[in-house]
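A.B. asks: When you get a sec, could you give me coordinates for this:
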Amino acid sequence: MTPVVEKIGAAVDQWVAANQAALSATRRHLHAHPELGYAEFETTSFLEERLRHHGLTPRRLPTGTGLTVDVGAGGGPVVVLRADIDALPLNDLKEVPYASTREGLAHACGHDVHTTVVLGVAVALASLDGLPGTVRCVFQPAEETVPGGATEVVASGVLDGASRAFALHCDPSIPAGTIGLRTGPITAACDRMDVTLTGPGGHTARPQLTVDLVDALGRLITDVPGLLSRQVDPRTGMSLVWGAVNAGVAANAIPQRGQLRGTVRVLDREAWKGAEELMRSLVTRVAAATGAEVDVDYIRGVPPVVNDPRAVALMRSAALETVGSDHVVLSAQSMGGEDFGWFADVMPIALARLGTHGGGAPLDLHRGTFDVDERALGVGVRLLARTALHALEADAEPQHSGPPAPPRTRRPAPGDTSSRPSVEETHRR
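C.D. replies: Just a heads-up that it's a prediction; the model follows:
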């Protein structure tokens, strides 16, 4: 740990100790006032007011919701801390004073925590002198949509000039005071596939005279995932899971139309690039044997989050200083989607898991009962503040007294995240 990291990190610890109640109040205000993606107007205004109150100059994103703010005197490297600010269309089922005041909307994925943490980092660092660069805090809208608000952040140029980006996500499977880290893929790409079959229909007494769409759907349900397992390297983590099937209404009539809907998930970014072509091929091959006409609507979603090894190493140093080695754990890979992966189009990234379980029955994400142990808020602020400090120190240009060293070539590291494609269609995961 350098003297700068040690000094400012200790000051952040003191700030957190003095402001734990304020952090809880902020989180509870956000929790009680959830807003959906691209409609987070009150949330954005609240964040603007808080940041301006502490002498900062936030700037709204072109989407109209979400904002970015730079902390530091300028000069030196720039690192990004990202928080997502949107909520979910779920009823809040908790009986707590800070339950959602808006029927049908709830912060059931912890974005209120993520926002509070990054706001806390901005305010804490703004009160201190001597930052070795700039910390750019991005409060991103619409993570729960696909391809997600992250695409708008990247397209806006907000990330230009920054060296790397960091984020965290609530993890109710590990205790508050624990931090989960992982190098390489930590979340999966998530696409959606809708398959529609059509045929002439007929009587169930004479299936040989028509195209039995129910039988054809059954073959797709079982055969496509089975064939997939023999077409891709199992280490890519590619899977197809059907979520809905619909066909017919009468027990004695073969329908003229049937539909399947499911999600395709994959941990490897290169494999994700070829997923659509592969899925279309498998569906077409299976359907051809049944005689049914087939139409495939494949909707590209979010890429996997592939954590950069160097960025994770910086975050690990911060985690060890924040909670100690006994409370830093290997995070499990998740097959859920997370649009932070789009940031890797322009810079190395790392996503950490913030333990939020406070004991008792598990409170899983995307449920109306989800809640957190608010001791995690201070842990998150300390973690991300120290991560930013370590990154600024690591990315500072070295001072040379002599001629510059000759350039070195670098072999791509595992999980290299360059040359990313764009995605245009949207859907909800």
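
A.B. asks: The stretch 51-200 of the chain: strands as residue ranges?
C.D. replies: For the stretch 51-200 of the chain, the strands defined by DSSP state E, counting those that start in this stretch cover 59-60, 67-71, 78-84, 134-140, 164-175, 179-181, 184-187, 189-198.

A.B. asks: and those as JSON lines, adding distance to residue 213 and mean neighbour count?
C.D. replies: From N, CA and C alone the C-beta is placed, and that goes for glycine too. Below are those laid out as JSON lines (distance: least, Cβ to Cβ, whole Å; neighbours: other Cβ atoms under 10 Å):
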{"stretch": "strand 59-60", "distance to residue 213": "50", "mean neighbour count": "13"}
{"stretch": "strand 67-71", "distance to residue 213": "50", "mean neighbour count": "21"}
{"stretch": "strand 78-84", "distance to residue 213": "41", "mean neighbour count": "26"}
{"stretch": "strand 134-140", "distance to residue 213": "43", "mean neighbour count": "26"}
{"stretch": "strand 164-175", "distance to residue 213": "41", "mean neighbour count": "24"}
{"stretch": "strand 179-181", "distance to residue 213": "45", "mean neighbour count": "23"}
{"stretch": "strand 184-187", "distance to residue 213": "36", "mean neighbour count": "23"}
{"stretch": "strand 189-198", "distance to residue 213": "5", "mean neighbour count": "22"}
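
A.B. asks: In CSV, list the ones you listed along with distance to residue 308 and mean pLDDT.
C.D. replies: Formatted as CSV, the strands of the stretch 51-200 of the chain follow (distance: least, Cβ to Cβ, whole Å; pLDDT from 0 to 100):
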stretch, distance to residue 308, mean pLDDT
strand 59-60, 27, 98
strand 67-71, 21, 98
strand 78-84, 13, 98
strand 134-140, 17, 98
strand 164-175, 7, 98
strand 179-181, 12, 98
strand 184-187, 9, 98
strand 189-198, 17, 98
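
A.B. asks: between the ones you listed, which one is nearest to residue 33?
C.D. replies: Closest approach to residue 33 among these (Cβ to Cβ): strand 134-140, 14.7 Å.

A.B. asks: Which other helices and strands does that closest one contact?
C.D. replies: Packed against strand 134-140 by the contact rule (3 or more Cβ pairs under 8 Å, 6 or more residues apart in numbering; DSSP states H and E) you find strand 67-71, strand 78-84, helix 111-126, helix 150-156, helix 375-395.

A.B. asks: just how off-centre is that strand within its chain?
C.D. replies: Remark: strand 134-140 is offset 16 Å from the chain centroid, using Cα atoms, centre = their mean, to the nearest Å.

A.B. asks: switch to numbering from 59
C.D. replies: Yep, numbering from 59; the last one is strand 192-198 now.

A.B. asks: got the angle for that strand vs helix 169-184?
C.D. replies: On the basis of axes from the mean of the first three to the mean of the last three Cα atoms, to 10 degrees, strand 192-198 is oriented at 160 degrees to helix 169-184.

A.B. asks: Direction included, what does strand 192-198 pair against?
C.D. replies: Strand 192-198 has the following strand partners under DSSP bridges: strand 125-129 (antiparallel), strand 136-142 (parallel).

A.B. asks: Columns distance to residue 332 on top of those strands, output as a markdown table?
C.D. replies: Listed next are the strands paired with strand 192-198 as a markdown table, based on distance: least, Cβ to Cβ, whole Å:
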| stretch | distance to residue 332 |
| --- | --- |
| strand 125-129 | 34 |
| strand 136-142 | 28 |
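
A.B. asks: I'd assumed residue 102 was in a helix, is it?
C.D. replies: Yes: according to DSSP: H, G, I helix; E, B strand; the rest coil, residue 102 belongs to a helix.

A.B. asks: on that earlier part again, out of the helices and strands packed on strand 192-198, nearest to residue 87?
C.D. replies: Among the helices and strands packed on strand 192-198, helix 169-184 sits nearest to residue 87 (Cβ to Cβ), with 8.6 Å.
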